[in-house]
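Here is a sequence together with a model predicted from it:
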Amino acid sequence: MIICIGGFPGSGRRRLTHDLSKALGFYIYPLRETKRKPSFKKLHKLIRPARGSPYPDGTLMEIYKRIVADLPLLSKMYPDIIIKDHFHRETPREFFFGEAEKYFGPPLIVWVEASAERSAARLRDVLAEKKKLTARLAVMETMRRNYQPFTREVHTIDYMGDPEAAVKHVLELVKNR
């Protein structure tokens, strides 16, 4: 099984991912580390319009292709995994979901919802460095503006409103699969 957790910056995706991994014993794919590989980071810096710009579709596709190349081996090592990303753009997201389905079955897609105000407040709480905060808020705003709705079944939760209830809800979804 693969659980794909999406949401905008500051929504609680990372916390939910770790809570679920702890409860279920699922492997968390290190997507953040993949995105930070020098080749992807350098490419992003070269083509981004400004500091605080999210990855464009082409770069996301390259990142997802790299992950997809790992899926055959990952599926043998870890029958159940969680991957978190923003998943706000349809083309790269659908490519990834389609490929992941070949190895893990239909993905359980969870969207972590939070208002822009609540997400911004959370980012202000966790990011002390002004430069990083400004960049993350810009990324969040751009992602929200360029969000493309899902064409697959997606389960929306509010993690920050009630973390315990959110985890319980996702555990119930996993149990009913």
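Yep, that arrived. Numbering: from 1, shown residues only.

quick check: longest helix of the protein.
Longest helix in the chain, counting residues (DSSP state H): helix 57-77.

elements contacting that one?
Here helix 57-77 touches helix 31-35, helix 38-47, helix 90-104, going by 3 or more CB pairs under 8 Å, 6 or more residues apart in numbering; DSSP states H and E. All C-beta atoms are positioned from the backbone trio N, CA, C, and that covers glycine.

Farthest from the middle of the chain: give me that residue.
Lys130 (23.6 Å; CA atoms, centre = their mean).

Confidence-wise, which helix or strand of the protein is lowest on average?
Within the chain, confidence by mean pLDDT, DSSP states H and E is lowest for helix 38-47 among all helices and strands, at a mean of 58.

now the protein, which segments are flagged as low pLDDT?
Where the chain drops to pLDDT under 70, the residues are 35-53.

one more time with 80
For the chain, the stretches flagged by pLDDT under 80 are 32, 34-55, 127-132.

Just want the most central residue of it.
Asp85 (1.5 Å).

what about that one, distance to Arg145?
According to CB to CB, to the nearest Å, Asp85 and Arg145 sit 18 Å apart.

do the same with Thr17
25 Å.

Could you do Pro54 as well?
10 Å.

the more surrounded of the two?
Pro54 (21 against 8; other CB atoms under 10 Å).

The more buried one and Arg136 touch, don't they?
No: contact between Pro54 and Arg136 fails when scored by CB atoms under 8 Å: they sit 10.4 Å apart.

where's the longest helix of the chain relative to the chain centroid, distance-wise?
14 Å (CA atoms, centre = their mean, to the nearest Å).

do the same with stretch 138-155
Taking mean C-alpha positions (CA atoms, centre = their mean), stretch 138-155 and its chain are 11 Å apart.
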